[in-house]
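> coords below, sequence missing:
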């Protein structure tokens with residue numbers, strides 16, 4: 001019940017059926033889905049306790065973010081609470097509801113499906129199928145594709161939101177999948193690319209290039225990354241000028257100011273810098289535009305045009321520090337995590353690409369206080385919790401059946417043949433050895449190793465699927481060389497340095513952008 005509630009919330013958040021099906025709006029579907037999740041958490045087996053609320057570095061940073069905004073930034077406490085309570089609620093509800101890898105995987109699938117629905121809906125509007133009156137918004141944007149939904153009525157918002165589906169689809173349907181699944185996934189990837197192309201959003205193109213580079217390079221051996229990354233960056237930056245509207249802008253020595261759109265962003269960045277440096281705690285939540293008008297006048301009203309700029313202007317230096325810290329903890333978790341199966345690794349890579357795409361997009365669009373940001377961080381926090389609770393000697397008997405696409409189960413570790421002797425005290429090392437043994441026709445050395453670990457080659461055996469296996473309790477008898485799945489359980493002194501350096505990098509990039 002709790003999981004169904006957050007799935008409905010994801011659909012309501014992205015698809016927004018309440019905006020083109022009138023009767024749904026009266027039912028308040030977002031509130032109803034979160035209420036269902038709350039009830040489900042308390043009635044499920046084990047329930048919820050207070051000690052489960054804040055456990056990971058992400059939880060601490062997000063909590064600090066909310067507390068800072070409520071008690072330090074300008075504005076009445078009641079007004080700020082009225083704006084923030086919904087974000088606080090669904091962040092912790094999503095974290096608590098995603099209690100195992102199967103749920104995280106399925107939630108990512110629903111998330112990706114909702115984004116794909118938006119991409120297809122936008123493309124259909126170009127051929128006359130237009131339930132959201134997207135044509136009106138597209139014409140109002142000088143022919144750049146937009147949707148008649150509040151979240152996507154701007155071409156830039158649509159492009160940045162849709163492009164993240166590319167790495168998600170790659171890992172869902174291409175990475176380590178059977179060939180017939182890849183044949184379906186390959187053409188599907190072009191749908192969000194095509195949608196982004198028609199939005200003509202320069203920022204979305206840059207974000208997409210970054211996400212694709214991360215998709216192709218993340219998880220590869222270091223020497224492969226050393227060769228691959230420069231090549232991908234060179235190809236990506238060379239291809240960008242071929243995309244729509246890129247030739248209109250000349251960068252360097254202040255020449256970018258000749259483009260009206262870029263000039264607006266530079267002026268917005270200049271105001272964000274001024275607000276950060278001249279106000280102790282920012283100008284206040286959702287007060288960026290009003291403060292800009294008070295300083296510069298009505299004729300130069302500007303939006304923040306960047307999540308980092310929005311946070312710096314509205315919440316000041318400390319707010320930007322905490323916001324940078326949230327992103328730092330997400331990257332730290334995903335880069336230090338150790339997974340046990342291909343499906344768990346699939347989840348890790350998808351989350352990393354989501355965080356990277358959001359980070360790049362945050363320089364070009366103000367998604368600093370969107371629900372999608374907090375849900376993304378909540379998924380990373382849930383991922384962190386699952387690995388943190390797992391014993392270092394955890395070893396699944398088979399790959400979980402939940403890793404398939406459209407009912408196609410992925411099982412690279414079939415069950416052992418009848419009569420094959422398996423050691424009762426098998427550890428993670430034995431499991432890793434088993435993975436090497438069962439892949440393909442074993443060679444003589446592998447046959448010898450299989451005999452040593454008690455694992456038989458089962459290339460032709462019928463697979464027996466099992467569900468999610470809970471963590472094995474650590475009884476204190478683990479070998480000293482076994483490392484935990486998540487060694488980073490809390491913020492340490494070096495994380496304070498890492499967060500500060502992340503903040504300095506953000507400020508450096510912003511100041512450099514002002515000089516373009």
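Right, received. Where do you want to start? As the structure is a prediction and not an experimental result, all values here were calculated from the model. Residues are numbered from 1 along each chain as shown.
> Following element in sequence after the helix or strand bottoming out on mean pLDDT in the chain, please.
With mean pLDDT, DSSP states H and E as the measure, the helix or strand of the chain carrying the lowest mean pLDDT is helix 444-453 (a mean of 44). The element immediately downstream of helix 444-453 (helix or strand, assigned by DSSP states H and E) is helix 493-514.
> Now find how far off-centre that next one is within its chain.
Relative to the centre of its chain, helix 493-514 is centred 21 Å away, using Cα atoms, centre = their mean, to the nearest Å.
> same check, this time on stretch 21-35
25 Å.
> and the angle for whichever helix or strand residue 63 is part of with helix 493-514?
The secondary structure element spanning residue 63 is helix 57-71 (assigned by DSSP H and E). With axes from the mean of the first three to the mean of the last three Cα atoms, to 10 degrees as the basis, helix 57-71 and helix 493-514 are set at 60 degrees to each other.
> contacting residues around helix 57-71?
Helix 57-71 is contacted from outside by 53-54, 77, 80-81, 84, 87-88, 91-92, 95, 285, 315, 318-319, 322-323, 325-326, 329-330, 332-333, 374, 377-378, 380-381, 384, 488, 490-491, 495, using Cβ atoms under 8 Å, 6 or more residues apart in numbering. Any C-beta I mention is one placed from the backbone N, CA and C, and that applies to glycine too.
> repeat that for 7 Å
Contacts of helix 57-71 with the rest of the structure, by Cβ atoms under 7 Å, 6 or more residues apart in numbering, involve 54, 77, 80-81, 84, 88, 91, 95, 285, 315, 318-319, 322-323, 325-326, 329-330, 377, 380-381, 384, 490-491.
> Just the buried residues of those.
In terms of neighbour count (16 or more other Cβ atoms under 10 Å), the buried residues within those are 80, 84, 88, 91, 95, 285, 315, 318-319, 322-323, 325-326, 329-330, 377, 380-381, 384, 491.
> State the three-state secondary structure for the residue nearest to residue 52 when sequence neighbours are not counted.
On the basis of Cβ to Cβ, 6 or more residues apart in numbering, the spatially nearest residue to residue 52 that is not a chain neighbour turns out to be residue 96, at 6.4 Å. Under DSSP: H, G, I helix; E, B strand; the rest coil, the three-state class of residue 96 is helix.
> And residue 96, what's its pLDDT?
We have a pLDDT of 91 for residue 96.
> For the stretch 201-350 of the chain, which segments count as helices?
202-217, 222-239, 260-278, 288-296, 307-336, 342-361 (DSSP state H, counting those that start in this stretch).
> Which one of the ones you listed has the poorest average confidence?
Taking the mean pLDDT of each of the helices of the stretch 201-350 of the chain, the lowest value is held by helix 222-239, a mean of 71.
> Give me the angle between that helix and helix 202-217.
160 degrees.
> who's in contact with helix 222-239?
For helix 222-239, the surrounding residues in contact (Cβ under 7 Å, 6+ apart) are 209, 213, 216, 217, 220.
> Let me have the residues you listed in CSV, extended by neighbour count and distance to residue 200.
Formatted as CSV, the contacts of helix 222-239 follow (neighbours: other Cβ atoms under 10 Å; distance: Cβ to Cβ, whole Å):
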residue, neighbour count, distance to residue 200
209, 20, 15
213, 20, 21
216, 16, 25
217, 17, 27
220, 13, 32
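> Nearest to residue 199 among the residues you listed?
Within the contacts of helix 222-239, the smallest distance to residue 199 is 14.9 Å, found for residue 209 (Cβ to Cβ).
> coming back round to it: list the buried residues of the helix holding residue 63.
For helix 57-71, the buried set under the neighbour-count rule, 16+ other Cβ under 10 Å, comprises 57, 58, 59, 60, 61, 62, 63, 65, 66, 68, 69, 70.
> Pipe these into JSON lines and attach pLDDT per row.
Compiled in JSON lines, those are given as follows (pLDDT from 0 to 100):
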{"residue": "57", "pLDDT": "94"}
{"residue": "58", "pLDDT": "95"}
{"residue": "59", "pLDDT": "94"}
{"residue": "60", "pLDDT": "95"}
{"residue": "61", "pLDDT": "96"}
{"residue": "62", "pLDDT": "96"}
{"residue": "63", "pLDDT": "95"}
{"residue": "65", "pLDDT": "95"}
{"residue": "66", "pLDDT": "95"}
{"residue": "68", "pLDDT": "95"}
{"residue": "69", "pLDDT": "94"}
{"residue": "70", "pLDDT": "94"}
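> Could you find the closest non-adjacent residue to residue 315?
residue 282 is the one closest to residue 315 (Cβ to Cβ, 6+ apart), at 4.3 Å.
> contacting residues for residue 493?
Applying Cβ under 7 Å, 6+ apart as the definition, residue 493 turns out to have no contact partners.
> now residue 192: how far from residue 278?
Note on residue 192: its distance to residue 278, by Cβ to Cβ, to the nearest Å, is 41 Å.
> if you count what's nearby, which of the two comes out ahead?
Neighbour tally, residue 192 and residue 278, criterion other Cβ atoms under 10 Å: the higher count belongs to residue 192, 27 against 10.
> Off-centre distance for the host helix or strand of the more buried one?
Element membership for residue 192 (DSSP H and E) is helix 179-199. On the basis of Cα atoms, centre = their mean, helix 179-199 sits 19 Å off its chain's mean C-alpha point.
> same question, stretch 132-148
Between the centre of stretch 132-148 and the centre of its chain there are 27 Å (Cα atoms, centre = their mean).
> For it, list every residue counted as buried.
Within stretch 132-148, judged by 16+ other Cβ under 10 Å, the buried ones are 132, 134, 137, 138, 141, 144, 145, 146, 147, 148.
> coming back round to it: quick one: contacts for the residue nearest to residue 52?
Contact criterion Cβ under 7 Å, 6+ apart gives 41, 48, 52 as the residues in contact with residue 96.
> repeat that with 10 Å
Residues in contact with residue 96 (Cβ atoms under 10 Å, 6 or more residues apart in numbering) are 2, 6, 37-38, 40-41, 44, 48, 52-53, 378, 381-382, 385.
> Then residue 11?
The neighbourhood of residue 11, defined by Cβ under 10 Å, 6+ apart, consists of 17, 29, 30, 33, 110, 111, 113, 114, 117.
> do you know how far the residue nearest to residue 315 is from residue 354?
Taking Cβ to Cβ as the measure, residue 282 falls 27 Å from residue 354.
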